[in-house]
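# build the 3D model from these lines:
(chains A and B)
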Number of protein chains: 2
Amino acid sequence: MIDMNDLQRIKCTISYDGTSFNGYQVQPDKRTVQQELEHALSRIHKGQAIKVVASGRTDTGVHARGQVIHFDTPLSIPVHKWTLALNANLPDDIVVNETEYVSNYFHARFGTKKKEYRYFVNLSKKRDVFNRNYMYHFPRSLNMSDIEEAAKDFIGTHDFTSFCSARSEVEDKVRTIYKIECIQEDDVLIFRFVGNGFLYNMVRILVGTLLQVGEGKISPSQMLELLNERNREHTGVTAPGNGLYLWEVSYNN
Amino acid sequence: MIDMNDLQRIKCTISYDGTSFNGYQVQPDKRTVQQELEHALSRIHKGQAIKVVASGRTDTGVHARGQVIHFDTPLSIPVHKWTLALNANLPDDIVVNETEYVSNYFHARFGTKKKEYRYFVNLSKKRDVFNRNYMYHFPRSLNMSDIEEAAKDFIGTHDFTSFCSARSEVEDKVRTIYKIECIQEDDVLIFRFVGNGFLYNMVRILVGTLLQVGEGKISPSQMLELLNERNREHTGVTAPGNGLYLWEVSYNN
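Prediction:
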């Protein structure tokens, strides 16, 4: 029997290579990040089931540089040994970067203040075998100033229904985007999105739409109209998961 | 029946991510680069077996940025369509970068003039989940000037028996190294080796030895002695395959 008063809450910042996972969340008979985390924790706790809470899910093929999770443990282990114990029990496509004891009021999902996603596009004409799982290969010429003009219209507080998967079950589709940056370094285009939260597939639909703007298929002047329509049908394609990284999650202290 | 006079020789420059291959060379019941190449060619030739010759083998986990192969074909296909046809039939961890028709005197293995290998070391204290298959993680402090001093002694023509796997069946172990460069960019250390040819595991044993020099476990003044001993037993460990890239192969024209 575990006395709940003896449980201590632990926050971890983790990275994973999403290539070989069916996303973050546990699904029957599929390899997921959550399943591997809970499996490792169960081993550390001698078979006891430990539930992990993450800042949010990520889809199949989507990567994380700074996903945040929490769990509660009856064990008293010095904090740096927690990192070692977890990494020793995790497969090599998940790495725990940092572990800390936090108050029981900390919540990885409900306490988030700000999230940053980055999306990497390889614009080179040639396929790069070493980046095939880590960037979206999109060998086209893009009008970068059109992309930047269009991106500006997404900044601020909007109802993002048009940029959310129709499969989403979330009711409130209003989110605030604080910042969008488009950085081109040689053949690599990086999109940075910072916001208070993102809907299901939202970053991937925003990227898909911005790339179509860059190709001249959608005019940058249409963005507010697309937002106002609150209709997924007229926005761009969903860019593939392999270019997307959950980069950083910030919390209220 | 194929008239040998009607065969045309094709040279391809290819890249592959060695992570999921049991090396280059065909082995029964194992996934290899050669097997995938010959499988793709057989499909293009409607089931006919086509033999591929490479500049040399690479081991399990070893990558190639610029491996060169040749094969002979009865088909007359424009050269840029060859690249497309091959890539359409290859798995996504092999990419054909360039294809050209060459004279029947060209030979991918026997005609090599110069080869370049590069070896990537991640010196960061932290594991990088995205580079785990593409760099050797070696989180130690290194004395770079000792490494550079030691590396100089390998340049030139030497019997490299001490730096060759004991399993090698090659008789002549004399090779010429034209250039060794050690480049450090932040936490990444890159070794460049250019030579007329390299023995089995030679680059990996040279890197393993140079890293031990950098750690102070072997003195840089011992290199000529190690070479002269012609004995594998006193040289450093074999660095892992995941950091090694066959970078470029040059031919006599």
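
# what's the pLDDT at A:Met1?
A:Met1 is assigned a predicted lDDT (pLDDT) of 51.

# tell me the domain boundaries of chain A?
Here the domain assignment for chain A is A:4-102, A:114-251, based on automatic domain parsing.

# any chance of the ones you listed in TSV, with mean pLDDT too?
What follows is those, written out as TSV (pLDDT from 0 to 100):
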stretch	mean pLDDT
domain A:4-102	96
domain A:114-251	95
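
# hmm, A:Leu37 and A:Gln25 touching each other?
No - at 11.1 Å, A:Gln25 does not count as touching A:Leu37 under the criterion of Cβ atoms under 8 Å. Glycine gets a C-beta too; all of them are placed from N, C-alpha and C.

# the two: which is more packed in?
The neighbour count for A:Gln25 versus A:Leu37, taken as other Cβ atoms under 10 Å in any protein chain shown, is higher for A:Leu37 (27 against 16).

# now that one. Its backbone dihedrals?
The main-chain torsion angles of A:Leu37 are listed as degrees, to the nearest 10 and equal phi -60, psi -50.

# can you check A:Ala166 too?
According to degrees, to the nearest 10, the main-chain angles of A:Ala166 amount to phi -60, psi -20.

# which residues in the stretch 51-200 of chain A form strands?
Using DSSP state E, counting those that start in this stretch, the strands of the stretch 51-200 of chain A run over A:53-54, A:63-73, A:94-102, A:112-122, A:136-137, A:156-159, A:174-185, A:188-195.

# against which helices or strands is the first one packed?
Put plainly, it is strand A:53-54. Contact analysis of strand A:53-54 by 3 or more Cβ pairs under 8 Å, 6 or more residues apart in numbering or on different chains; DSSP states H and E lists strand A:63-73 as its packing neighbours.

# which stretches of chain A form helices?
A:33-44, A:79-89, A:144-152, A:202-214, A:223-229 (DSSP state H).

# highest mean neighbour count out of those?
Across these, averaging neighbours per residue (mean count of other Cβ atoms under 10 Å in any protein chain shown) puts helix A:202-214 on top, at a mean of 24.

# contacts for it next, please.
Around helix A:202-214, the neighbours that count as contacts under Cβ atoms under 8 Å, 6 or more residues apart in numbering or on different chains are A:117, A:119, A:121, A:136, A:138, A:140, A:142-144, A:146-147, A:150-151, A:154, A:160, A:163-165, A:175, A:182, A:191, A:193, A:218-220, A:223, A:226, A:232, A:235-241, A:243-244.

# do that again at 7 Å, thanks
In this structure, residues lying in contact with helix A:202-214 by Cβ atoms under 7 Å, 6 or more residues apart in numbering or on different chains are A:117, A:119, A:138, A:142-144, A:146-147, A:150-151, A:154, A:160, A:163-164, A:191, A:193, A:218, A:220, A:235-239, A:241, A:244.

# before we move on, back to that, in a markdown table: the helices of chain A, plus distance to B:Met202.
Converted to a markdown table, these look like this (distance: least, Cβ to Cβ, whole Å):
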| stretch | distance to B:Met202 |
| --- | --- |
| helix A:33-44 | 38 |
| helix A:79-89 | 33 |
| helix A:144-152 | 46 |
| helix A:202-214 | 45 |
| helix A:223-229 | 57 |
